[in-house]
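Q: Need a 3D model of the following:
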Amino acid sequence: MPNILDQLRQIKIAEKSGAPSHETGRRALEEFEQSGVAFACSHPKLENIYYRAIHDLTECIVQSPNGGQMLIEGADFIGLWLESTGSISTEVLSRFCPKAAQSSFGQFAHYLREDGLIPYKVTSAGPAYRQVQMVTPLARCVWNHYLRNGDKEFLEKMYRAMKANDGWLAKHRIQWGPAVSKRLEPSTQGTTRRPDSGTAPTSPLNQTLPNATPLHPFCRFSRLI
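A: Modelled structure (predicted):
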């Protein structure tokens, strides 16, 4: 049986995982290699699964509309989503690719709307504001990224954006109380109907929050936090 430690030392991540199909992913792979993280085991199939995962990860780090990097969903819901890839997934990414992670977090501050709303997702087409999606606390994810990487200027930038977004939520969402707000929520993600929402529409007027619709003036299209 080969010595696992020697095997680990000989591994070249780029050769094992394969080059991503785009330049942004290749930069992310280089950053991943710099983290010094690798994996070796006595079972080749298991080892190959690990490096296939690295390949898939770097394929999902794409160029953002503002020319940076962003981590996107790799399945049907393509984009940097505030509730998942833009928060908890990017927090994990910051351990291995801190530059790509910081650029991903930064999309929400970059596309902060004048009224204080941050986008619920960013895609190649730009930011979207038709829903509110806050599952994983963005503040915690950004704070943990800061503790690992120490960029105070970036932390202050994100703080200002999140503070503005809190102000937007206080003005447009928390106006009838949590119980009533949940009852009037028309859908969980703006795409699927809920039994307790009756015939409430699944998107706001002109696809933009906080617009109500003429037939449902009390539906503010806010997701339960």
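
Q: low-confidence ranges in this structure?
A: 1-2, 174-225 (pLDDT under 70).

Q: where do the strands sit along it?
A: For the chain, the strands defined by DSSP state E cover 61-63, 69-71, 80-81, 121-123, 126-128.

Q: any chance of the ones you listed in CSV, plus mean neighbour count?
A: From N, CA and C alone the C-beta is placed, and that goes for glycine too. Putting the strands of the chain into CSV (neighbours: other C-beta atoms under 10 Å) gives the following:
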stretch, mean neighbour count
strand 61-63, 22
strand 69-71, 26
strand 80-81, 26
strand 121-123, 23
strand 126-128, 17
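
Q: Dump these into TSV; add distance to residue 107 as well.
A: Listed next are these as TSV, based on distance: least, C-beta to C-beta, whole Å:
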stretch	distance to residue 107
strand 61-63	11
strand 69-71	6
strand 80-81	6
strand 121-123	5
strand 126-128	8
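
Q: Out of the ones you listed, which gets nearest to residue 92?
A: Evaluated over the strands of the chain, closeness to residue 92 peaks at strand 69-71, with 9.6 Å, by C-beta to C-beta.

Q: about what we covered before: for residue 93, find the nearest of the strands of the chain.
A: Using C-beta to C-beta, the strands of the chain put strand 69-71 closest to residue 93, at 5.7 Å.

Q: What pairs with that closest one, parallel or antiparallel?
A: strand 61-63 (antiparallel) (DSSP bridges).

Q: I'd like to check what contacts the partner strand. Which residues are they?
A: 20, 22-25, 28, 69-72, 93, 97, 100, 124 (C-beta atoms under 8 Å, 6 or more residues apart in numbering).

Q: redo that, cut-off 10 Å
A: Contacts to strand 61-63, defined as C-beta atoms under 10 Å, 6 or more residues apart in numbering, come from residues 20, 22-29, 31-32, 69-72, 78-80, 93, 97, 100-101, 103-104, 123-124.

Q: Of those residues, which belong to helices?
A: Under the assignment DSSP state H, the contacts of strand 61-63 contribute 23-29, 31-32, 93, 100-101, 103-104 to helices.

Q: Out of these, which end up buried?
A: 24, 25, 27, 28, 29, 31, 32, 93, 100, 101, 103, 104 (16 or more other C-beta atoms under 10 Å).

Q: so where's the longest helix in this structure?
A: Per DSSP H, the chain has its longest helix at helix 152-172.

Q: got a list of contacts for it?
A: Residues contacting helix 152-172 (C-beta under 10 Å, 6+ apart): 82, 102, 105-106, 108-119, 132, 134, 137-139, 141-143, 145-147, 149, 151, 174, 209-210, 220-222, 225.

Q: so can I have a markdown table of the buried ones among the ones in helices among the contacts of strand 61-63 showing distance to residue 86?
A: Below are these laid out as a markdown table (distance: C-beta to C-beta, whole Å):
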| residue | distance to residue 86 |
| --- | --- |
| 24 | 16 |
| 25 | 18 |
| 27 | 19 |
| 28 | 16 |
| 29 | 21 |
| 31 | 18 |
| 32 | 19 |
| 93 | 10 |
| 100 | 12 |
| 101 | 10 |
| 103 | 11 |
| 104 | 6 |
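
Q: and which of these is nearest residue 59?
A: Taking these together and measuring to residue 59 by C-beta to C-beta, the closest member is residue 25, at 5.5 Å.
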